[in-house]
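Novice: please work out how this folds:
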Amino acid sequence: MGTVLVAQVGVAQTAKPKPKPKSSTKTAAAVWTPDVQQTLGISASDFTVSGLNKLSKVQLTMLVTAARPDPKKVLLTCPASGTVPAGRIRVLLTVAGDDSTGAIAGQIRTAVGSLSGVDVVDVPANADRVLNVVIQEQTTAKRTIGFTASYLTGTPCTQDVAGKKTNVELKGTLGSYTDAKGAGLAQDLAGMLDQDLQPLRAPKPQ
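Specialist: From the prediction side, this is the model:
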């Protein structure tokens, strides 16, 4: 009887070996960078919401690298940065969201078109810069109390992959404005865009 008990204890000991202690080295967590926004279109505020903060730094780097076009396989053609001082900058404007009457879109179009040296165009191929706007209505007790305009600027480019050309957009400035009546959104967006266009207005280096 004693021999049997000893055998059982021996089996129990060999069946549950102690796991080897894992390395105490902590894996570096992923953090947002401007490169993440440029390549993946994820802002700093959306980084955690999108769950990217749960990746390791190495995993995030691999994701960004995979999303970035291979320059050896992809030819990307974009407008030249910098125009002659007398040149015109063509802006493609898109407005979507809670703007059923089109009034806010009209105000934004007028404000952008009034900027010095800016022409508003309707075709990506004719544009030097893109301004995408989404209007969100703010309500309380079914009453409109204001509007928020989320915006994203971009540079329209042509991507050539194995002879097949497609229109792509390099993401730029991302942000939002809120106004109680909505009328001020157009001026806020025009002021932001005016600053965003400064590099295009800079004289070309000799």
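Novice: how is this structure partitioned into domains?
Specialist: Using automatic domain parsing, the domain parsing of the chain gives 25-68, 74-201.
Novice: which neighbours does the lengthiest strand in the chain have in its sheet, and in what orientation?
Specialist: Secondary structure of the chain per DSSP state E: the longest strand is strand 143-161. When pairing is defined by DSSP bridges, strand 143-161 lines up against strand 74-77 (antiparallel), strand 129-140 (antiparallel), strand 164-179 (antiparallel).
Novice: mind listing what's buried in it?
Specialist: Under the neighbour-count criterion of 16 or more other C-beta atoms under 10 Å, strand 143-161 has 146, 147, 148, 149, 151, 152, 153, 154, 155, 156, 159 buried. All C-beta atoms are positioned from the backbone trio N, CA, C, and that covers glycine.
Novice: farthest pair in the residues you listed?
Specialist: 146 and 159 (38.6 Å; C-beta to C-beta).
Novice: spatially nearest residue to the residue most central in space within the chain (excluding sequence neighbours)?
Specialist: The residue lying closest to the centre of the chain (C-alpha atoms, centre = their mean) is residue 41, at 2.4 Å. Excluding the flanking residues, the one nearest residue 41 by C-beta to C-beta, 6 or more residues apart in numbering is residue 171, at 5.1 Å.
Novice: with residue 123 instead?
Specialist: Residue 123 sits nearest to residue 92 (C-beta to C-beta, 6+ apart), 7.2 Å away.
Novice: was I right to think that neighbour contacts residue 133?
Specialist: No. If you go by C-beta atoms under 8 Å, residue 92 and residue 133 don't touch, sitting 11.5 Å apart.
Novice: quick one: least confident helix or strand in this structure?
Specialist: Taking mean pLDDT, DSSP states H and E as the measure, the helix or strand of the chain with the lowest value is helix 2-15, at a mean of 47.
Novice: gap between the very next helix or strand once past that one and the chain center?
Specialist: The helix or strand immediately downstream of helix 2-15 is helix 34-40, counting by DSSP states H and E. Remark: helix 34-40 is offset 7 Å from the chain centroid, using C-alpha atoms, centre = their mean, to the nearest Å.
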